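A.B. asks: Sequence first, predicted coordinates after that:
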Amino acid sequence: MNDCVEIRWHGRGGQGAKTAALLLADVAFQTGKYVQGFPEYGPERMGAPITAYNRISDKPVRVHSNIYTPQYVVVVDESLLSSVDVTKGLKEDGAIVVNTTKEKEDIKHLLNDYKGDIYTIDAKKVSIACLGKYFPNSPMLAAIVKVSNIMDEKLFLSEMKSSFEHKFSSKPEVVNGNMKALKMALKEVK
């Protein structure tokens, strides 16, 4: 599976990590990729830790298991850093993207001194500025696309706009807010 990009998402129920993983799979599929996007649940309740996964490849994906050695990890909720080993199995030639207001140096000790690339984004700031409420999934989705470079950003934005217009056809303000959040997040991830 060397030609396959594997991503593991960590979040809490209700934050949209599962939705973001499924959206990423949908958009990558629309660009001609072979994809998988699926969640893994513990206790199914609001606020409980959840894990979701993506596999994205130019070739058919024949593996059907959880992802144990991802190239990328997305942490939607910073509080998970002290209770979940988010770097478990994470390849050092990959990267981790964390939703936080802190600098990467300030969270490195919470990442088991992970030696790969660490990226941060304040998804709350982006979300509130663009949507008026805290929905971290759109900013985190854009951040992982930027970090992983799994597709061209313009193509990503175009496909996301089509997806949002389909899902929210009667709510153009939702489409516009989410598109603003995606564009801002592409610039804010560091």
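C.D. replies: Noted; the coordinates are in hand. Numbering: from 1, shown residues only.

A.B. asks: My guess is L22 contacts G37. True?
C.D. replies: Yes - between L22 and G37 there is a contact under CB atoms under 8 Å: 4.6 Å. Where C-beta positions appear, they are placed from N, C-alpha and C, glycine not excepted.

A.B. asks: and K115, what is it in contact with?
C.D. replies: Going by CB atoms under 8 Å, 6 or more residues apart in numbering, K115 touches E92.

A.B. asks: and the gap between it and K108?
C.D. replies: Distance, K115 to K108, using CB to CB, to the nearest Å: 10 Å.

A.B. asks: what is in contact with L22 and G37 at once?
C.D. replies: Between them, L22 and G37 share these contacting residues under CB under 8 Å, 6+ apart: A52.

A.B. asks: neighbour count winner among these two?
C.D. replies: G37 (23 against 17; other CB atoms under 10 Å).

A.B. asks: which residues are in contact with the strand or helix carrying that one?
C.D. replies: Applying DSSP states H and E as the criterion places G37 in strand 34-41. Applying CB under 8 Å, 6+ apart, the set of residues contacting strand 34-41 from outside is 17-18, 21-26, 28-29, 50-61, 64, 66.

A.B. asks: Okay, and the most centrally placed residue in the chain sits in which element?
C.D. replies: For the chain, the residue sitting closest to the mean C-alpha position, by CA atoms, centre = their mean, is L141 at 4.0 Å. If you go by DSSP H and E, L141 is part of helix 137-148.

A.B. asks: pLDDT weak spots in this protein?
C.D. replies: In the predicted model of the chain, residues 1-2, 42-45 satisfy pLDDT under 70.

A.B. asks: quick check: longest helix of the protein.
C.D. replies: Counting by DSSP state H, the longest helix found in the chain is helix 172-188.

A.B. asks: distance between that one and the chain's centre?
C.D. replies: With CA atoms, centre = their mean, to the nearest Å as the basis, helix 172-188 stands 15 Å off its chain's centre.

A.B. asks: which outside residues touch it?
C.D. replies: With CB under 8 Å, 6+ apart, helix 172-188 has contacts from 121-123, 125-127, 129-132, 135, 138-143, 145-146, 153, 156-157, 160-161, 164-165, 168.

A.B. asks: Is it possible to mark the buried ones in those residues?
C.D. replies: 121-123, 126-127, 130-131, 135, 138-143, 145-146, 156-157, 160, 164 (16 or more other CB atoms under 10 Å).
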